[in-house]
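# Sequence and predicted structure are below.
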Number of protein chains: 2
Amino acid sequence: MRIMEAEARRPGDINDPDCPTRRLIDRVGDKWSVLVILRLFERTHRFSELRTAIGGVTPKVLTHTLRALERDGLVERHVYAEVPPRVEYRLTGLGHSIVAPLAALRDWAEEHIPQVVQARERYDAAHAKGPEGE
Amino acid sequence: MRIMEAEARRPGDINDPDCPTRRLIDRVGDKWSVLVILRLFERTHRFSELRTAIGGVTPKVLTHTLRALERDGLVERHVYAEVPPRVEYRLTGLGHSIVAPLAALRDWAEEHIPQVVQARERYDAAHAKGPEGE
DNA sequence: CAGGATCCATGGGGATACTG
DNA sequence: CAGTATCCCCATGGATCCTG
């Protein structure tokens, strides 16, 4: 499998800043990036639209997230010099390309998270009072 | 089937702790989980093996990571009551199932990170001295 | 409307030392 | 060997207020 190839060429050296896996984690690891990307995949959004659509995100953080995404070339920022300021965000081609992998992961989540939850309950139940039964 | 619950209650409400996407981010968002999973996909590892193989991870953090993974049902922990303590970690079936999506993302990274890096350089160059040429 | 500026709480995660 | 126990730093991100 592909995984083996990667392993062969870069044997898990996550200290290497060039390690793709490492950078990937940085990218999708933060709290809002993925949500923003999946939102923008649907359609172009204005700042406020994203803000209300996602909910729970503060302007500062949303701005930061969007800037990071823009810097990485995943999102485009379009400013319209109008009287009521209008700024639209949309995915770039690169941004679109990451949607599929992201969607794959999301699909995994939707399908398996219940099992994860069950596993947690089992684990907690077995460890809360101390592993006796065995 | 899978989506109905999460989707039905709130399309994209990441405030809902049950939102699969949200939980997924929690899982793959931390610094070492993905590395550990991909390592264990190759073969079973002992604690020290993982430690040296991944490198840069402290025992405390590695333990924490493994515990979380175990709790989520992605990793199995096998303790051998021997004189020199031996503990082996391996992926569960569930753990194996997430490798493919993870690999997809990793493949994306390997293929597109260079573009991301370029985008960053362009962005930084364009913003460092002030956006004039606009 | 879009976001910059500030202050601050939380905790992930690193370093180090110790133990069953 | 396989962790535990502490201490500590600082990046992430939330709350609030302010502005072009």
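Everything's here; your move.
# Give the ranges of residues in chain A that sit below the confidence cut-off.
Scanning chain A for pLDDT under 70 picks out the ranges A:1-18, A:129-134.
# By proximity to DNA strand C, which residue of it wins?
Proximity of chain A to DNA strand C (CB to the nearest atom of the strand) peaks at residue A:48, 2.8 Å away. For every residue, glycine as well, the C-beta is placed using N, CA and C.
# What helix or strand is that residue located in?
The secondary structure element spanning residue A:48 is helix A:47-54 (assigned by DSSP states H and E).
# just the helices in chain A please.
The residue ranges that make up the helices of chain A, judged by DSSP state H, are A:2-9, A:20-29, A:33-42, A:47-54, A:59-71, A:93-97, A:99-128.
# Chain B: which of those helices is closest?
Between chain B and the helices of chain A, the shortest separation by CB to the nearest CB is 2.7 Å, and it involves helix A:99-128.
# does any part of that closest one sit near chain B?
Yes - Helix A:99-128 lies in contact with chain B when judged by CB under 8 Å from any CB of the partner chain; the contacting residues are A:100-102, A:104-113, A:115-116, A:118-120, A:122-124.
# Whichever of the residues you listed end up buried, select them in ChimeraX.
In ChimeraX, the members of these classed as buried (16 or more other CB atoms under 10 Å in any protein chain shown) are selected with the following command:
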select /A:101,102,104,105,106,108,109,110,112,113,115,116,119,123
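# which residue sits closest to residue A:25, ignoring its sequence neighbours?
Ranked by CB to CB, 6 or more residues apart in numbering or on different chains and with sequence neighbours excluded, the top spatial neighbour of residue A:25 is residue B:34, at 5.9 Å.
# From what I see, the one you found and residue B:102 are in contact.
Yes - counting by CB atoms under 8 Å, residue B:102 is a contact partner of residue B:34 at 6.1 Å.
# Now do the contacts for the residue of chain A closest to DNA strand C.
Applying CB atoms under 8 Å, 6 or more residues apart in numbering or on different chains, we find residue A:48 in contact with no residue.
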